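A.B. asks: Predicted coordinates and the sequence they were generated for:
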Amino acid sequence: MISTKGRYALRVMIDLAEHESGQPVPLKDVAERQEISKKYLEIIVRELVEGKLIRGTSGKGGGYVLLRRPEEISVGEIVELMEGTLAPVACLAEKAEPCPRNASCATFPLWQELDQLIRDFLYQKKIADLMNRGKA
């Protein structure tokens, strides 16, 4: 399950893309538009900055900007940054210990296929695909 943190991070990234004007977008504006606590967004943008998806500037005229174009940022990389692994089961997580039952596990191929479907789906979707949706 994707947490509010992961969902809100997507909303922040879409908002920044939709309101890009060559100037940093103030976090208070994002918070107001998205109806999310500015305090909570501060935690989220800190992780997005650390993940090198956005850059922040402080002071008058400060705010946040995307470091790449919306067409180049996948939903998968944002969700994985915020949530950790997208793997549906622990044995498929990136740094998981090899499961001694993999060879004999009747369900392992099912989980592998689901894992690939999830990754393919989320990594093919870009921020640009989600922009301006739900707007009249």
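C.D. replies: Received, thanks. Residues are numbered from 1 along each chain as shown.
A.B. asks: Contact partners for the most centrally placed residue in the chain?
C.D. replies: Centroid-nearest residue in the chain: Ile78, 2.0 Å away (criterion: CA atoms, centre = their mean). Ile78 sits next to Gly6, Ala9, Leu10, Met13, Leu48, Leu53, Ile127 when contact means CB atoms under 8 Å, 6 or more residues apart in numbering. Bear in mind the C-beta positions are built from the backbone N, C-alpha and C, glycine included.
A.B. asks: How about the contacts made by the second one?
C.D. replies: By that I understand Ala9. Ala9 makes contacts with Ile44, Glu47, Leu48, Ile78, Val79, Leu81, Met82, as judged by CB under 8 Å, 6+ apart.
A.B. asks: Distance check, it against Glu80.
C.D. replies: In this view, Ala9 and Glu80 are 11 Å apart by CB to CB, to the nearest Å.
A.B. asks: same thing with the third one?
C.D. replies: For Leu10, the distance to Glu80 (CB to CB) stands at 12 Å.
A.B. asks: Please tell me the pLDDT value assigned to the residue nearest to the centre of the chain.
C.D. replies: According to the prediction, Ile78 has pLDDT 98.
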